[in-house]
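Student: just the structure for this:
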Amino acid sequence: HEKSKGAAHFDHVSLSDEAMKLAEIRIETVRLGRIQNTIELMGEVGLNEDRACHIVPRFPGIVRRVLKRTGDPVKEGETLAIVESNESLARYQLKSLMSGTVIFKHISLGEFVTEESTVYRIADLSDVWVNLAVYPRDVGNILIGQNVRIEVVGSEIHSSGKISYISSIYNKQTRHLTARVVISNKDGRFPPGTFVKGAILLQGGEKKALIAADAVQIVDDKAVVFIPEGRNEFKALPVLLGKRDSRFVELRSGLKVGDRYVSGGAFELKAKLVTSTLDSHAGHGH
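Tutor: Numbering: from 1, shown residues only. Model prediction:
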């Protein structure tokens, strides 16, 4: 009668058929596999410096017309401004050297400009550089060609790309190397200056016995896994754990590859075990 109500004694739990369905109990077997380690690197979106240009006047002179402003799209060869040469008084056009967007403007009507000053900067923002900070502890694990998931900090915006460049000299102020990832920005979701996080998945080492991370519960300050014993009956088995990732945890003792365990509904079993144990102690009047 007690078993049908979901009674528990010490390290055992028994559930009714109805309670089994409500707890959504799932049984799996211990598998052999590798723990996946993820390295997270912080960084910032920057311009693709290979697709940006500076516009400087050919001759010193007075600005007679300003045709483009910051944020304006431009095409290669399009006129940005008109300058009157200080020597010949002839007017000439300042033209864009590439197609892109005006990201910098330092030119005003009537201003005197020289060939030494940048008056416009144009950049193609259809793709951008993500510059990730690599500190000494991670240098040995970062390689050109690795896949990186890029996430905008504080949002769900993400993309992915491959490491295309790793600097060979540490930054003197921050003491880190820079790993660069080129990502598409055609939809404008990654404007330069955006703070991002890069996640690199590492997988290696020998295979170990693994169980689902959700299967592990803490009872009396000990890690336990519930194993099936008879129909609708389960036992809390203490286990020794090793490394883990977001999905699996390594088993060092307690179970072996092929053994059955509760992978889903373990928290509900723990709750029933703890509650029933408390009820049992209360009934003894201690």
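Student: what about the chain, any weak spots by pLDDT?
Tutor: Judged against pLDDT under 70, the low-scoring parts of the chain cover residues 1-10, 203-204, 277-286.
Student: and with 80 instead?
Tutor: For the chain, the stretches flagged by pLDDT under 80 are 1-10, 203-205, 276-286.
Student: quick one: the helices in the stretch 151-286 of the chain, in order.
Tutor: Assigned by DSSP state H, counting those that start in this stretch, the stretch 151-286 of the chain shows helices spanning 266-284.
Student: start to end distance for stretch 244-257?
Tutor: Here the two ends of stretch 244-257 are set 17 Å apart, with distance taken as C-alpha to C-alpha, to the nearest Å.
Student: residue 182: neighbouring residues, count only.
Tutor: If you count neighbours by other C-beta atoms under 10 Å, residue 182 ends up with 16. For the C-beta atoms, the positions are set from N, CA and C on the backbone; glycine is no exception.
Student: residues contacting it?
Tutor: For residue 182, the contacting residues are 48, 127, 128, 129, 130, 161, 164, taking C-beta atoms under 8 Å, 6 or more residues apart in numbering as the criterion.
Student: which one of these is nearest to residue 153?
Tutor: Nearest to residue 153 among the contacts of residue 182 is residue 130, at 12.0 Å by C-beta to C-beta.
Student: circling back: just the buried residues of the contacts of residue 182.
Tutor: 48, 128, 129, 130, 161 (16 or more other C-beta atoms under 10 Å).
Student: make TSV out of those and add secondary structure.
Tutor: Putting the buried ones among the contacts of residue 182 into TSV (DSSP: H, G, I helix; E, B strand; the rest coil) gives the following:
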residue	secondary structure
48	coil
128	strand
129	strand
130	strand
161	strand
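Student: between these, which sits nearest residue 19?
Tutor: residue 161 (48.2 Å).
Student: the closest one and residue 132 touch, don't they?
Tutor: No - distance between residue 161 and residue 132: 10.7 Å, which falls outside the contact criterion (C-beta atoms under 8 Å).
Student: and for those two, which residues touch both?
Tutor: Among the neighbours of residue 161, those also in contact with residue 132 (C-beta under 8 Å, 6+ apart) are 148, 181.
Student: tell me, how many residues neighbour residue 233?
Tutor: 14.
Student: bridge partners for residue 128, pull those for me.
Tutor: Beta bridges link residue 128 to residue 183, judged by DSSP bridges.
Student: ok, and the closest non-adjacent residue to residue 17?
Tutor: Closest residue to residue 17 in three dimensions, ignoring its sequence neighbours and counting by C-beta to C-beta, 6 or more residues apart in numbering: residue 232, at 6.8 Å.
Student: pull the CA atoms of the top strand by length along the chain into CSV?
Tutor: When every strand of the chain is counted residue by residue (DSSP state E), the longest turns out to be strand 36-46. Included here for strand 36-46 are C-alpha records, laid out as CSV according to Å, rounded to 0.1, in the frame of the first residue of the first chain:
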residue,chain,number,x,y,z
GLN,A,36,33.6,18.6,-24.3
ASN,A,37,35.4,21.6,-22.8
THR,A,38,34.5,25.1,-23.9
ILE,A,39,36.9,28.0,-23.8
GLU,A,40,35.2,31.4,-23.6
LEU,A,41,37.0,34.5,-24.8
MET,A,42,35.8,38.1,-24.5
GLY,A,43,36.2,40.5,-27.3
GLU,A,44,34.9,43.4,-29.4
VAL,A,45,33.7,43.8,-32.9
GLY,A,46,35.9,46.0,-35.1
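Student: that strand: which residues count as buried?
Tutor: For strand 36-46, a neighbour-count test (16+ other C-beta under 10 Å) marks 39, 41, 43, 45, 46 as buried.
Student: could I get these in TSV, plus columns for distance to residue 199?
Tutor: Below are the buried residues of strand 36-46 laid out as TSV (distance: C-beta to C-beta, whole Å):
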residue	distance to residue 199
39	7
41	8
43	11
45	16
46	19
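Student: farthest pair within these?
Tutor: 39 and 46 (20.6 Å).
Student: could you find the closest non-adjacent residue to residue 235?
Tutor: Sequence neighbours aside, residue 229 is the residue nearest to residue 235 in space, at 4.9 Å (criterion: C-beta to C-beta, 6+ apart).
Student: on that earlier part again, sheet partners, orientation included, of the longest strand of the chain?
Tutor: Based on DSSP bridges, the pairing partners of strand 36-46 within the sheet are strand 127-134 (antiparallel), strand 195-203 (antiparallel).
Student: buried deepest among these, which one?
Tutor: Mean neighbour count, computed with mean count of other C-beta atoms under 10 Å, is highest for strand 127-134 among the strands paired with strand 36-46, reaching a mean of 22.
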